[in-house]
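Peer 1: A predicted structure for the sequence below; I have some questions about it.
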Amino acid sequence: MKFFFIPIKLKNKFDGIKGKKYLFIDEVQEIKAWEKAVNSFLTEELADIIITGSNARLFSSQLATLLSGRFIEIPVYLLCFKEFLEFRKVDPHSSATETEFYNYLKYGGLPGIHHFDVLDDSVNQYLESIFNTVLLKDIVSRNNIRDIQQLESIIRFVFDNCGSIVSSKRIADFLKNQKTSTTVDTVQNYLRYLQNAFIVYKVSRYDVKGLRHLEYLEKIYMSDIGLRHGFIVYKEKDISGLLENIVFLELLHRGYKIHIGKLNDKEIDFIALKDDNKIYFQVSYLLADKNVADREFGPLREIKDNYRKIVLSLDKYYPANTEGIEWMNLIEFLVT
């Protein structure tokens, strides 16, 4: 559905109003020629204007062109774990925090789930309906997709490989093995549609030793793990990737730019950048034995700069500092 601005009527709404004036426009991408009206209002200094949209394509370089640079972009994310606890009215430092973390792990950060008395099957039904709405409205309809089954297969592959390095070719090869013919270009287009609808984020890799960005083999994370479980069931075996996803979203909340690190043949889960600050993160479920600990701490030992290096896991106890590398309980990190 398309809506139309009638600027004269809107201007009349502000007649007689004294003091600061604000104009809120929700889902602005649904309004035909919205940028002309907004630019007109800006020129006349009619009000401070706040626009929202649910399509990443709008909030990109196009937005700077449409509004001639006269805007400040504020990204809005779903609930982080600390906010989740606020909705649940749980003290972050209480004994209930760990139980709530596993609820967060299954149900994600959509505020709407907190309208339910308990987090149960009704929440799963809600998440499934939200996902289907986004799938049909923001992806299928907007991009005129005819082969919905192929799109769903790509989404299922991406969701099943949360936290793993993927490529469009790998996805295309997987679909061909499933007797679904597709091309790398088609996969890339579908992944872009998912990004534009804020379903997933693609994270580029950075060569720590060569100090350069790599243009292949990215990782894909979900904007909300609850939406994942509205499409495919929650599986405990996926917990390592889900923990990575939660840390990724937490770093976004905290304003970091994020890359995946590559150091020779080893991987660093996240390089978080903000202003002149840099932090290296490794995320693990449990540091169960020496081999796991070496896998997580080893790459960080090889980085010779003086920036913080942190290993996060769900272990209750572990040495807080090992050769200059910090360890933190992952839940404590989220509520700090």
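Peer 2: That came through, no problem.
Peer 1: ok, which stretches of the stretch 101-250 of the chain are strands?
Peer 2: Remark: strands assigned in the stretch 101-250 of the chain by DSSP state E, counting those that start in this stretch are 165-166, 200-207, 212-222.
Peer 1: For the one residue sitting closest to the centre of the chain, which non-adjacent residue is closest in space?
Peer 2: With distances taken as C-alpha atoms, centre = their mean, the residue of the chain nearest its centroid is residue 223 (3.1 Å). With C-beta to C-beta, 6 or more residues apart in numbering as the criterion, residue 223 has its nearest non-adjacent residue at 5.1 Å, and that residue is residue 198. Yep, even glycine has a C-beta here, placed from its N, CA and C like the rest.
Peer 1: Can you pull the phi/psi pair for residue 308?
Peer 2: Per-residue torsions, residue 308: phi -60, psi 140 (degrees, to the nearest 10).
Peer 1: Run through the stretch 151-300 of the chain and note the low-pLDDT ranges.
Peer 2: Filtered on pLDDT under 70, the stretch 151-300 of the chain yields the residue ranges 210-211, 213-216.
Peer 1: picking that back up, looking at the strands of the stretch 101-250 of the chain, which is closest to residue 276?
Peer 2: Among these, the nearest to residue 276 by C-beta to C-beta is strand 200-207 (16.7 Å).
Peer 1: and that closest one, C-alpha only, in CSV?
Peer 2: Extracted in CSV, the C-alpha atoms of strand 200-207 (Å, rounded to 0.1, in the frame of the first residue of the first chain):
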residue,chain,number,x,y,z
VAL,A,200,20.6,-10.6,8.9
TYR,A,201,23.9,-8.8,9.1
LYS,A,202,26.9,-9.7,7.0
VAL,A,203,30.2,-9.2,8.7
SER,A,204,33.4,-8.9,6.7
ARG,A,205,36.7,-10.5,7.6
TYR,A,206,39.9,-8.5,8.4
ASP,A,207,43.4,-9.8,8.0
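Peer 1: what comes into contact with that strand?
Peer 2: Outside strand 200-207, the residues that touch it by C-beta atoms under 8 Å, 6 or more residues apart in numbering are 158, 165, 191, 194-195, 212-223, 248, 252, 258-263, 271.
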